[in-house]
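> Just the structure for this:
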Amino acid sequence: MKLGDMATYINGYAFKPSDWTNEGLPIIRIQDLTGSSYQLNYYKGRYPEKIRIDNGDVLISWSASLGVFIWNKGEALLNQHIFKVIFDKIEVDKQYFVYAVRYNLNHMMSKMHGATMKHIVKKDFDNIDVPCPSIKMQEEIAKKILIIDKIIDTRKRQLLELDNLIKSRFTEMFGDISREEYKYKTRKLGDVANVGSSHRVFTNEFVEHGIPFYRGTEIGELANHQTPANPYYISKEHYARLISNGTKPKIGDLLLPSICNKGQVWMVDTNAPFYYKDGRVLCVSADRGLYNTKYLQYYMKMKTEIEYPKLGSGSTFAEFKLFLLKDFDILTPPQSVQNQFSDFVEKTDKLKLHIDFSSKINFIMKT
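Model (predicted):
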């Protein structure tokens, strides 16, 4: 069935800053749903009953960041760009509906419009097709997927615990980065590493196939051990010209997006050819006589997570510049100590891979 034939979708109200108060019902925005923010504003005046939400309501964000959610944080009011789903047309299992819409999010993204804020228009949303079996089948499908979700959540918690173990081990060996309470001396990154970027590549120079060209998005995916989903490409001839004066990263070099807000630092681990976007991706090639690159990668992950929130937003978004990276204080313990930490991280990473593999096996078995 088409989404428009399954339910009614109520858009939120366009609250203005002048409507905000310090008491009343919280006003829910898209960023409050996605978890990127939760700094609530409130409203105490009269409001249309249709924009009030409560636990169990299904909400769909249709602008900027597409998503579908079951609300569980109590009574609130809905801001614009979010649909509240009213199941008044056919019998639908809520949890099944959430999974069905979530499955179609990529298809919805292909229909988004807008130069400044991407969004999906109502008629395109209503015309999205989703499978609509009997209510009994919906309930059975939702129950099975919930089991898989619980397995995935368990694995995520295990992986988070291992990440926390590495952080704890780092603090034990080297000190507290967040408080700059170090057990060893520090040096400026610009004094112990080449910190730079690439030559500019223009959009009209991309080709359909060739050498992968990575932006910040792809570097983030690589940092998370994922194969880039949609890289651009440049020709082999163009690539050869670009790297002719030594701008090709080497194995062990670190690449990070200029918007490095989640510690997405990739240590180059391949000789396969690739190139990267100037300005939006930064390259750190450290003195190998001073640093174990695995240790430095982990240090830079933690350091960027701490330093990024301190950046001013600028005209559009906050980002690291070369001069900021060069001024980073880099903890410089003896390499023998760095090597011990690197060995610990490698062993822990192997355990994380085992957990991730186990979750995939469980997923296959359950389906």
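
> Please, where are all the helices along the stretch 101-250 of the chain?
Assigned by DSSP state H, counting those that start in this stretch, the helices in the stretch 101-250 of the chain fall at 105-109, 122-126, 135-174, 189-192, 216-223, 236-242.

> what's the closest of those to I251?
helix 216-223 (13.2 Å; C-beta to C-beta). No exception for glycine: its C-beta is placed from N, CA and C like everyone else's.

> got the contact list for the closest one?
The contact list for helix 216-223 (C-beta atoms under 8 Å, 6 or more residues apart in numbering) reads 212, 214, 227-229, 231, 255-259, 262-266, 276-277, 280-281.

> from these, which would you call buried?
Neighbour counting by 16 or more other C-beta atoms under 10 Å classes 212, 214, 228, 231, 255-259, 263-266, 276-277, 280-281 among the contacts of helix 216-223 as buried.

> quick one: which of these sit in helices?
Residues of the buried ones among the contacts of helix 216-223 located in helices (DSSP state H): none.

> quick one on the thing from earlier: let me know which of the helices of the stretch 101-250 of the chain is tucked in deepest.
Highest mean neighbour count of the helices of the stretch 101-250 of the chain: helix 216-223, a mean of 21 (counted as mean count of other C-beta atoms under 10 Å).

> pLDDT (mean, whole number) over that helix?
Regarding helix 216-223, the rounded mean pLDDT is 92.

> Tell me if I'm right that I243 and F274 touch.
No: the criterion here is C-beta atoms under 8 Å, and I243 misses it with F274 at 10.1 Å.

> Please say which of the two ends up with more neighbours.
More crowded of I243 and F274, by other C-beta atoms under 10 Å: F274, with 20 against 16.

> Hmm, the more buried one is touching Y214, no?
Yes: F274 is within contact range of Y214, at 6.0 Å (criterion: C-beta under 8 Å).

> P17 and A76: what is the separation?
18 Å (C-beta to C-beta, to the nearest Å).

> try K84
11 Å.

> do the same with L222
38 Å.

> Looks to me like E319 is in a helix.
No: assessed with DSSP: H, G, I helix; E, B strand; the rest coil, E319 is coil; it does not lie in a helix.

> where does the residue lying closest to it once chain neighbours are set aside land on pLDDT?
Spatial nearest neighbour of E319, chain neighbours left out: S258 (3.9 Å); criterion: C-beta to C-beta, 6 or more residues apart in numbering. At S258, the pLDDT value in this model is 92.

> pretty sure S258 is in contact with L324, am I right?
No: with contact defined as C-beta under 8 Å, S258 does not reach L324; the gap is 9.5 Å.

> What residues does the residue nearest to E319 make contact with?
216, 279-282, 319-321.

> Out of the helices of the stretch 101-250 of the chain, the one nearest Y43 is which?
helix 122-126 (24.6 Å).

> Which elements pack onto the closest one?
Counting contacts by 3 or more C-beta pairs under 8 Å, 6 or more residues apart in numbering; DSSP states H and E, helix 122-126 is packed against helix 3-6, strand 8-11.
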